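Pasting the sequence and the predicted model now:
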Amino acid sequence: MERMRCALRTAIADSAGNDTVTLDRCIESAEHARGRAIKIRAVDLSETLVFGLWVDLPTHDLILVDRYATPAHRGHIIEHELGHILLGHRGTFPGDIEPAPDVMHRGAVLCRQSADAEIEHEAELFARLLRCELHKQQLRRCGSLESDSARRLALSLGYRP
Ligand SMILES: [Zn+2]
């Protein structure tokens, strides 16, 4: 569980005390901690059984996201793959996945179809905890809304400061 806390702290490190906490900022924090870029690319995964992949390339991390995923699902996919990265999981190359030729650099790949159910569970838990943390941060911002109408609207949408 300490590894999970540490991964979450890393993801939100650069956002601490900041007004705008977003998934993009979490990605930047992860890049800073790892000292290398995390690139995200939308690709057509509709012919596969997966919605997202992390490709651990020699020079950077690449997260592939199904281009047909809804925005909310896309966020969850990225959070899940970020979990793999920050939890220090190691990828393997599943035989039934064929990433686009330009990403076939012998990068290790992790996806939700990975045979290791434990690391998939960990990445999923990370994604949910990170989402909760982002919601909490948004709630704090919501509590500081200056307009009564904006506060009422936020509350009606389920935000509970
Ligand atoms: Zn996974």
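Great, that's in hand.

you'd agree residue 39 is in a strand?
Yes: the assignment for residue 39 is a strand, going by DSSP: H, G, I helix; E, B strand; the rest coil.

Kindly provide the distance from it to residue 82.
Residue 39 sits 12 Å away from residue 82, going by Cβ to Cβ, to the nearest Å. Backbone N, C-alpha and C define where each C-beta goes, glycine included.

Determine the residues that are contacts of both of the two.
Common neighbours of residue 39 and residue 82, using Cβ atoms under 8 Å, 6 or more residues apart in numbering, are residue 63.

out of these two, which sits in the more crowded spot?
residue 82 (27 against 16; other Cβ atoms under 10 Å).

any idea which helix or strand carries that one?
Assigning secondary structure by DSSP states H and E places residue 82 in helix 71-86.

ok, now residue 62?
Element membership for residue 62 (DSSP H and E) is strand 61-66.

How about that strand and the ion, touching?
No: with Cβ under 5 Å from the ion as the criterion, the ion is not reached by strand 61-66; the gap is at least 10.7 Å.

Describe which strands that strand pairs with in its sheet and in which direction.
strand 38-43 (parallel), strand 52-56 (antiparallel) (DSSP bridges).

What's the end-to-end length of stretch 52-63?
Terminal residues of stretch 52-63 lie 7 Å apart, using Cα to Cα, to the nearest Å.

Go ahead and measure how far that stretch is from the middle of the chain.
Mean C-alpha position of stretch 52-63 versus that of the full chain (Cα atoms, centre = their mean, to the nearest Å) differs by 13 Å.

Sort out which residues of the helix holding residue 82 are buried, please.
By 16 or more other Cβ atoms under 10 Å, the buried positions in helix 71-86 come out as 74-86.

cool, and stretch 24-38?
Result for stretch 24-38 [16+ other Cβ under 10 Å]: buried residues 25-31, 33, 38.

Go ahead and name everything in contact with the helix holding residue 82.
Helix 71-86 is contacted by residues 7, 10-11, 23, 26-27, 30, 33-34, 38, 40, 42, 51-54, 56, 61, 63, 65-66, 69, 91, 110, 112, 119, 122-127, 130-131 when judged by Cβ under 8 Å, 6+ apart.

among those residues, which ones are buried?
Among the contacts of helix 71-86, the ones that count as buried (16+ other Cβ under 10 Å) are 7, 10-11, 23, 26-27, 30, 33, 38, 40, 51-54, 56, 61, 63, 65-66, 69, 91, 110, 112, 119, 122-123, 126-127, 130.
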